[in-house]
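Engineer: Need a 3D model of the sequence below.
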Amino acid sequence: MSQTSSAIELPEDYYPGADEDFMNPLQLEYFRRKLLNWKQEILRESAETLQNLQEDNLREPDIADRASSETDWSVELRTRDRQRKLVAKIDSALRRIETGEYGYCEVTGEPISLKRLDARPIATMTIEAQEAHERAEKVHRDD
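Structural biologist: Below you'll find the predicted structure:
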């Protein structure tokens, strides 16, 4: 069952506040739109960059220019891989909005601060849980 719908009227100047019920329909719609806009921007930038690289490659008869283009391609492929992973995280956040899990820490079940979600709408943990997770990861890497 969907928690949000694009039929929700979101005032243009709306910003989630602590004085509201946490993850009420307006907040969910705010974050849904933020995530969709971010995803759309990533996909647009990716398509533009790919188009530019393809055009540049057609114009590189010189071997040195071609080598430079291949380096650009390598960097672009790494960037696109990071973007693909980011889009997957955005899609996951959108699914959490639909299931009613969005905004709650996957470790503790506590609400993630609105400030953190606004800065990183794909966050799945509170800052405290994220820091504990990173400390535990560091300990395992150092072993």
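
Engineer: Need phi/psi at the most centrally placed residue in the chain.
Structural biologist: The centre of the chain sits closest to residue 90, judged by Cα atoms, centre = their mean, with a distance of 4.4 Å. With angles defined as degrees, to the nearest 10, residue 90 sits at phi -60, psi -50.

Engineer: show me the contacts for it.
Structural biologist: Counting by Cβ atoms under 8 Å, 6 or more residues apart in numbering, residue 90 touches 35, 38-39, 42, 121-122. Bear in mind the C-beta positions are built from the backbone N, C-alpha and C, glycine included.

Engineer: From residue 17, how far out is the residue lying closest to it once chain neighbours are set aside?
Structural biologist: In space, and not counting its chain neighbours, residue 90 is closest to residue 39: 4.7 Å by Cβ to Cβ, 6 or more residues apart in numbering. Distance, residue 39 to residue 17, by Cβ to Cβ, to the nearest Å: 25 Å.

Engineer: The two: which has the busier surroundings?
Structural biologist: A count of neighbours by other Cβ atoms under 10 Å puts residue 39 above the other of residue 39 and residue 17, at 18 against 9.

Engineer: Now do the buried residues in the host helix or strand of the more buried one.
Structural biologist: Assigned by DSSP states H and E, residue 39 belongs to helix 25-58. Within helix 25-58, the residues scored as buried using 16 or more other Cβ atoms under 10 Å are 26-32, 34-35, 38-39, 42, 46, 53.
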